[in-house]
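S.K.: Please work out how this folds:
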Amino acid sequence: MDYQVPQFIEVEDKIFGPFTLKQFIYLAGGAGICIAILLYFPLVIAIILATPIAAFAGALAFFKMNGKTFVEILESGFNYYVGKRLYLWKKEKDTGAQQVEAPVVAPVRPRANLSENKLHELAWKLDIKDQGEQSQN
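M.R.: As a prediction, the model looks like this:
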């Protein structure tokens, strides 16, 4: 027995003419805000205020970068700036030529509270251990 397999399941349905539901909501909301601004402010000020709002609504509805919508890009940027980041540097053994290592960004995991003194003491112990291993070689 043959079954039809749905194709293009990632494509959203066009509900309002050429627009999907999300696109229509973004455009309708942006248009509503722009109309309200045009009604309540003088024309010159209204145009100055409405232009960025219209551009933002258009970007929300249509802009895609690397397969991601503008909403996803905004969400990722907000989470990046709000979230905590932990930078780790991996110290390499000196091979004669100077090498500069870029920081490695690792996700922050809950850990036991380390005071600054404990952290410096731990780093100092690791440096001493590395120097001891180098002198044995």
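
S.K.: okay, and for this structure, where does confidence drop off?
M.R.: For the chain, applying pLDDT under 70 flags the ranges 94-114, 128-137.

S.K.: Please enumerate the helices of the chain.
M.R.: Taking DSSP state H to define them, one finds helices in the chain at 21-40, 43-62, 70-82, 116-136.

S.K.: Go through the ones you listed and name the closest to Glu92.
M.R.: Set against Glu92 and scored by C-beta to C-beta, the helices of the chain come closest in helix 116-136, at 10.1 Å. C-beta here means a position set from N, CA and C on the backbone, and glycine is covered the same way.

S.K.: How is the protein divided into domains?
M.R.: 21-81, 86-136 (automatic domain parsing).

S.K.: any idea which of those domains is most buried?
M.R.: Mean neighbours per residue, mean count of other C-beta atoms under 10 Å, is largest over the domains of the chain for domain 21-81, with a mean of 14.

S.K.: Any idea how far that one is from the middle of the chain?
M.R.: Relative to the mean C-alpha coordinate of its chain, domain 21-81 is positioned 19 Å out (C-alpha atoms, centre = their mean, to the nearest Å).

S.K.: Kindly check the end-to-end length of it for me.
M.R.: Taking C-alpha to C-alpha, to the nearest Å as the measure, domain 21-81 stretches 30 Å from start to finish.
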